[in-house]
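quick check, what structure comes out for this input:
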Amino acid sequence: MSAKTANEETAQTVSPRQWIRLVVVYLLIPLILFICGGDLGWWQAWLYSMLILAAGIGGRVWAEQRHPGLTAERQNIENIQNAKAWDKVLAPLMAVSVGFPMVIVAGIDHRFNWSPEFPLWLSVVGFIFIAFGYAFAAWALVENRFFSCVVRIQTDRGHVVCDTGPYRFVRHPGYAGNIPPLFGIVLALGSVWTLIPVVIAIIIAVIRTELEDRTLQEELKGYKEYVQRVRYRLIPGIY
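Residues are numbered from 1 along each chain as shown. Purely as a prediction, here's the structure:
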(Lines give C-alpha, C1' and ligand atoms only; values in the text may rest on other atoms or scores of the structure.)
Protein backbone atom coordinates (compact mmCIF):
# COMPACT_ATOMS: atom_id res chain seq x y z
CA MET A 1 0.00 0.00 0.00
CA SER A 2 1.40 3.41 -0.94
CA ALA A 3 1.83 6.20 1.60
CA LYS A 4 -0.73 8.25 -0.29
CA THR A 5 -3.34 5.49 -0.11
CA ALA A 6 -2.67 4.99 3.59
CA ASN A 7 -3.12 8.68 4.23
CA GLU A 8 -6.37 8.74 2.28
CA GLU A 9 -7.74 5.83 4.31
CA THR A 10 -6.69 7.49 7.54
CA ALA A 11 -8.36 10.74 6.49
CA GLN A 12 -11.69 8.93 6.25
CA THR A 13 -11.62 8.37 10.01
CA VAL A 14 -11.73 12.11 10.77
CA SER A 15 -15.25 12.83 11.95
CA PRO A 16 -17.24 16.02 12.63
CA ARG A 17 -17.36 14.97 16.27
CA GLN A 18 -13.56 15.07 16.46
CA TRP A 19 -13.51 18.58 15.02
CA ILE A 20 -16.25 19.67 17.43
CA ARG A 21 -14.30 18.21 20.36
CA LEU A 22 -11.21 20.14 19.27
CA VAL A 23 -13.08 23.43 18.89
CA VAL A 24 -14.83 23.05 22.24
CA VAL A 25 -11.53 22.49 24.06
CA TYR A 26 -10.06 25.67 22.59
CA LEU A 27 -13.22 27.71 23.23
CA LEU A 28 -13.13 26.65 26.88
CA ILE A 29 -9.86 28.50 27.46
CA PRO A 30 -11.12 32.02 26.65
CA LEU A 31 -14.49 31.20 28.24
CA ILE A 32 -12.82 30.30 31.53
CA LEU A 33 -10.61 33.39 31.28
CA PHE A 34 -13.61 35.72 30.98
CA ILE A 35 -15.61 33.91 33.66
CA CYS A 36 -12.72 34.17 36.13
CA GLY A 37 -11.92 37.74 35.09
CA GLY A 38 -15.52 38.94 35.18
CA ASP A 39 -14.77 41.71 32.70
CA LEU A 40 -16.01 41.65 29.11
CA GLY A 41 -14.20 44.93 28.49
CA TRP A 42 -10.80 43.38 29.19
CA TRP A 43 -9.13 43.96 25.82
CA GLN A 44 -6.04 41.92 26.68
CA ALA A 45 -8.24 38.87 27.26
CA TRP A 46 -9.97 39.37 23.90
CA LEU A 47 -6.65 39.63 22.06
CA TYR A 48 -5.24 36.58 23.83
CA SER A 49 -8.40 34.63 22.98
CA MET A 50 -8.06 35.48 19.30
CA LEU A 51 -4.41 34.40 19.27
CA ILE A 52 -4.97 31.03 20.93
CA LEU A 53 -8.01 30.25 18.76
CA ALA A 54 -6.16 31.22 15.58
CA ALA A 55 -3.11 29.14 16.46
CA GLY A 56 -4.92 26.22 18.05
CA ILE A 57 -7.76 25.70 15.59
CA GLY A 58 -6.19 27.32 12.53
CA GLY A 59 -2.95 25.41 13.02
CA ARG A 60 -4.76 22.11 13.20
CA VAL A 61 -6.86 22.83 10.13
CA TRP A 62 -3.64 23.63 8.26
CA ALA A 63 -1.97 20.48 9.58
CA GLU A 64 -4.95 18.37 8.52
CA GLN A 65 -4.75 19.75 5.01
CA ARG A 66 -1.04 18.98 4.91
CA HIS A 67 -1.31 15.55 6.57
CA PRO A 68 -4.83 14.12 6.20
CA GLY A 69 -5.77 11.96 9.15
CA LEU A 70 -3.51 13.64 11.70
CA THR A 71 -6.50 14.92 13.69
CA ALA A 72 -7.94 11.42 13.99
CA GLU A 73 -4.52 10.01 14.86
CA ARG A 74 -4.11 12.48 17.73
CA GLN A 75 -7.54 11.63 19.15
CA ASN A 76 -7.34 7.87 18.68
CA ILE A 77 -8.03 6.28 22.07
CA GLU A 78 -6.22 3.08 21.15
CA ASN A 79 -3.04 5.01 20.37
CA ILE A 80 -3.29 6.84 23.67
CA GLN A 81 -3.64 3.50 25.48
CA ASN A 82 -0.50 2.28 23.70
CA ALA A 83 1.55 5.25 24.86
CA LYS A 84 4.50 4.88 27.20
CA ALA A 85 3.31 4.28 30.77
CA TRP A 86 4.89 7.46 32.08
CA ASP A 87 3.34 9.51 29.28
CA LYS A 88 -0.16 8.39 30.20
CA VAL A 89 0.39 10.63 33.21
CA LEU A 90 2.58 13.38 31.76
CA ALA A 91 0.68 13.92 28.48
CA PRO A 92 -2.61 15.01 30.09
CA LEU A 93 -0.74 16.95 32.77
CA MET A 94 1.16 18.89 30.12
CA ALA A 95 -1.92 19.44 27.96
CA VAL A 96 -3.77 20.96 30.90
CA SER A 97 -0.84 22.83 32.47
CA VAL A 98 0.00 25.00 29.44
CA GLY A 99 -3.49 26.45 29.22
CA PHE A 100 -6.15 26.24 31.90
CA PRO A 101 -4.23 27.03 35.14
CA MET A 102 -2.76 30.14 33.52
CA VAL A 103 -6.08 31.64 32.47
CA ILE A 104 -7.74 30.72 35.75
CA VAL A 105 -5.09 32.48 37.84
CA ALA A 106 -4.79 35.43 35.43
CA GLY A 107 -8.56 35.86 35.39
CA ILE A 108 -8.95 35.77 39.17
CA ASP A 109 -5.95 38.10 39.50
CA HIS A 110 -7.63 40.57 37.14
CA ARG A 111 -10.95 40.36 39.01
CA PHE A 112 -9.44 41.08 42.43
CA ASN A 113 -6.51 43.29 41.30
CA TRP A 114 -3.86 41.23 43.04
CA SER A 115 -1.03 42.39 40.76
CA PRO A 116 0.09 45.97 40.12
CA GLU A 117 -0.96 47.47 36.81
CA PHE A 118 1.46 46.61 34.00
CA PRO A 119 2.53 49.31 31.52
CA LEU A 120 1.26 48.97 27.96
CA TRP A 121 4.70 48.15 26.55
CA LEU A 122 4.96 45.07 28.77
CA SER A 123 1.59 43.86 27.49
CA VAL A 124 2.82 44.34 23.93
CA VAL A 125 5.99 42.35 24.66
CA GLY A 126 3.83 39.62 26.18
CA PHE A 127 1.65 39.38 23.09
CA ILE A 128 4.75 39.16 20.91
CA PHE A 129 5.94 36.20 23.00
CA ILE A 130 2.52 34.58 22.70
CA ALA A 131 2.21 35.08 18.95
CA PHE A 132 5.74 33.89 18.23
CA GLY A 133 5.48 30.83 20.47
CA TYR A 134 2.10 29.67 19.20
CA ALA A 135 3.19 30.19 15.60
CA PHE A 136 6.36 28.16 16.19
CA ALA A 137 4.41 25.32 17.82
CA ALA A 138 1.85 25.33 15.00
CA TRP A 139 4.69 25.19 12.47
CA ALA A 140 5.99 22.05 14.21
CA LEU A 141 2.55 20.45 14.06
CA VAL A 142 2.17 21.24 10.36
CA GLU A 143 5.69 20.07 9.50
CA ASN A 144 5.65 16.72 11.31
CA ARG A 145 3.13 14.15 10.10
CA PHE A 146 3.97 12.02 13.15
CA PHE A 147 3.10 14.79 15.62
CA SER A 148 1.22 12.75 18.22
CA CYS A 149 -0.36 13.83 21.48
CA VAL A 150 1.37 10.93 23.26
CA VAL A 151 4.83 9.40 23.12
CA ARG A 152 4.87 6.19 21.10
CA ILE A 153 6.90 4.88 18.18
CA GLN A 154 4.39 4.85 15.33
CA THR A 155 5.53 1.69 13.55
CA ASP A 156 2.02 1.32 12.15
CA ARG A 157 2.49 4.59 10.24
CA GLY A 158 6.09 4.12 9.11
CA HIS A 159 7.50 6.46 11.73
CA VAL A 160 10.66 8.29 10.63
CA VAL A 161 12.62 11.23 12.00
CA CYS A 162 11.36 14.70 11.07
CA ASP A 163 14.30 17.07 10.62
CA THR A 164 12.77 19.84 8.50
CA GLY A 165 11.11 23.14 9.36
CA PRO A 166 11.49 24.07 13.04
CA TYR A 167 13.07 20.66 13.69
CA ARG A 168 16.24 22.10 12.17
CA PHE A 169 16.63 24.34 15.23
CA VAL A 170 15.46 22.25 18.20
CA ARG A 171 14.44 18.62 18.54
CA HIS A 172 11.11 19.33 20.25
CA PRO A 173 9.75 22.54 18.68
CA GLY A 174 6.16 21.73 19.66
CA TYR A 175 7.12 21.93 23.32
CA ALA A 176 9.56 24.78 22.74
CA GLY A 177 6.85 26.87 21.09
CA ASN A 178 4.66 26.66 24.17
CA ILE A 179 7.28 28.11 26.51
CA PRO A 180 7.39 31.79 25.36
CA PRO A 181 3.58 32.10 25.62
CA LEU A 182 3.73 31.01 29.27
CA PHE A 183 5.78 34.09 30.13
CA GLY A 184 3.85 36.07 27.54
CA ILE A 185 0.59 35.44 29.40
CA VAL A 186 2.12 36.84 32.58
CA LEU A 187 2.99 40.08 30.78
CA ALA A 188 0.06 40.34 28.38
CA LEU A 189 -2.61 39.69 31.01
CA GLY A 190 -0.73 41.57 33.72
CA SER A 191 -0.61 38.82 36.33
CA VAL A 192 2.43 38.25 38.52
CA TRP A 193 0.67 35.37 40.28
CA THR A 194 0.46 33.47 37.01
CA LEU A 195 4.19 32.78 37.39
CA ILE A 196 3.26 29.97 39.81
CA PRO A 197 1.46 27.78 37.24
CA VAL A 198 4.06 28.84 34.67
CA VAL A 199 6.87 27.30 36.72
CA ILE A 200 4.85 24.11 37.22
CA ALA A 201 4.10 23.88 33.47
CA ILE A 202 7.77 24.32 32.56
CA ILE A 203 8.85 21.61 35.01
CA ILE A 204 6.35 19.18 33.47
CA ALA A 205 7.47 20.12 29.95
CA VAL A 206 11.17 19.61 30.73
CA ILE A 207 10.55 16.23 32.38
CA ARG A 208 8.45 15.05 29.44
CA THR A 209 10.97 16.35 26.93
CA GLU A 210 13.79 14.47 28.63
CA LEU A 211 11.85 11.19 28.76
CA GLU A 212 10.57 11.50 25.18
CA ASP A 213 14.02 12.34 23.84
CA ARG A 214 15.51 9.33 25.61
CA THR A 215 12.78 7.07 24.18
CA LEU A 216 13.32 8.33 20.64
CA GLN A 217 17.07 7.83 20.88
CA GLU A 218 16.58 4.26 22.05
CA GLU A 219 13.74 3.19 19.75
CA LEU A 220 13.45 5.38 16.63
CA LYS A 221 15.85 4.56 13.82
CA GLY A 222 17.95 7.53 12.74
CA TYR A 223 17.18 9.65 15.80
CA LYS A 224 20.65 9.31 17.33
CA GLU A 225 22.14 10.68 14.11
CA TYR A 226 19.60 13.49 14.23
CA VAL A 227 20.73 14.30 17.78
CA GLN A 228 24.26 14.79 16.46
CA ARG A 229 22.98 17.33 13.91
CA VAL A 230 20.52 19.17 16.17
CA ARG A 231 22.08 19.35 19.61
CA TYR A 232 19.42 21.17 21.62
CA ARG A 233 16.04 19.93 22.79
CA LEU A 234 14.13 23.14 23.55
CA ILE A 235 16.30 26.26 23.60
CA PRO A 236 19.16 26.71 21.09
CA GLY A 237 22.49 27.12 22.87
CA ILE A 238 21.03 26.32 26.29
CA TYR A 239 19.03 23.10 26.49
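
so which residues of the chain form helices?
3-11, 16-37, 43-53, 59-66, 70-75, 77-81, 87-97, 100-112, 120-143, 173-188, 195-219, 223-229 (DSSP state H).

of those helices, which is nearest residue 156?
helix 77-81 (8.7 Å; C-beta to C-beta). Just so you know, the C-beta spots here come from the backbone N, C-alpha and C atoms, and that holds for glycine as well.

can you point out the buried residues in that closest one?
Buried positions in helix 77-81, judged by neighbour count with 16 or more other C-beta atoms under 10 Å: 79-80.

please tell me how far it is from the chain's geometric centre.
Distance of helix 77-81 from the chain centroid (C-alpha atoms, centre = their mean, to the nearest Å) equals 19 Å.

what's in contact with it?
Outside helix 77-81, the residues that touch it by C-beta atoms under 8 Å, 6 or more residues apart in numbering are 73, 88, 91, 148-150, 152.

rerun at 10 Å
By C-beta atoms under 10 Å, 6 or more residues apart in numbering, the residues outside helix 77-81 that reach it are 72-74, 87-88, 91-92, 148-150, 152, 154, 156-157.

mark which of the residues you listed are buried, thanks.
Among these, those classed as buried by neighbour count (16+ other C-beta under 10 Å) are 72-74, 87, 91, 148-150, 152, 157.

taking the residues you listed together, which two end up most distant?
Largest separation among these by C-beta to C-beta: 72 and 87, giving 19.3 Å.

dump the helices of the chain into CSV; add mean pLDDT and distance to residue 163 as well.
Shown next, in CSV, are these (pLDDT from 0 to 100; distance: least, C-beta to C-beta, whole Å):
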stretch, mean pLDDT, distance to residue 163
helix 3-11, 42, 18
helix 16-37, 94, 27
helix 43-53, 97, 28
helix 59-66, 93, 17
helix 70-75, 85, 18
helix 77-81, 80, 23
helix 87-97, 93, 22
helix 100-112, 97, 31
helix 120-143, 97, 10
helix 173-188, 97, 11
helix 195-219, 97, 12
helix 223-229, 97, 6
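
which one of these is the most hemmed in?
Across the helices of the chain, averaging neighbours per residue (mean count of other C-beta atoms under 10 Å) puts helix 173-188 on top, at a mean of 24.

and it, what other elements does it pack with?
Other elements packing on helix 173-188 under the criterion 3 or more C-beta pairs under 10 Å, 6 or more residues apart in numbering; DSSP states H and E are helix 43-53, helix 87-97, helix 100-112, helix 120-143, helix 195-219.

try it again at 8 Å.
helix 43-53, helix 100-112, helix 120-143, helix 195-219 (3 or more C-beta pairs under 8 Å, 6 or more residues apart in numbering; DSSP states H and E).

gap between that helix and the chain center?
For helix 173-188 - counting by C-alpha atoms, centre = their mean - the centre lies 9 Å from the chain centre.

over to stretch 137-145?
A distance of 10 Å separates the centroid of the chain from that of stretch 137-145, by C-alpha atoms, centre = their mean.

same thing with stretch 214-233?
21 Å.

for residue 34, which non-adjacent residue is closest in space?
Nearest residue to residue 34 in three dimensions, chain neighbours excluded: residue 45, at 6.1 Å (C-beta to C-beta, 6 or more residues apart in numbering).

gap between the one you found and residue 69?
According to C-beta to C-beta, to the nearest Å, residue 45 and residue 69 sit 35 Å apart.

can you redo the helices of the chain as a markdown table with distance to residue 235?
Listed next are those as a markdown table, based on distance: least, C-beta to C-beta, whole Å:
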| stretch | distance to residue 235 |
| --- | --- |
| helix 3-11 | 33 |
| helix 16-37 | 25 |
| helix 43-53 | 22 |
| helix 59-66 | 21 |
| helix 70-75 | 25 |
| helix 77-81 | 28 |
| helix 87-97 | 17 |
| helix 100-112 | 20 |
| helix 120-143 | 12 |
| helix 173-188 | 7 |
| helix 195-219 | 10 |
| helix 223-229 | 16 |
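
I'm done for today, thanks for sticking with me.
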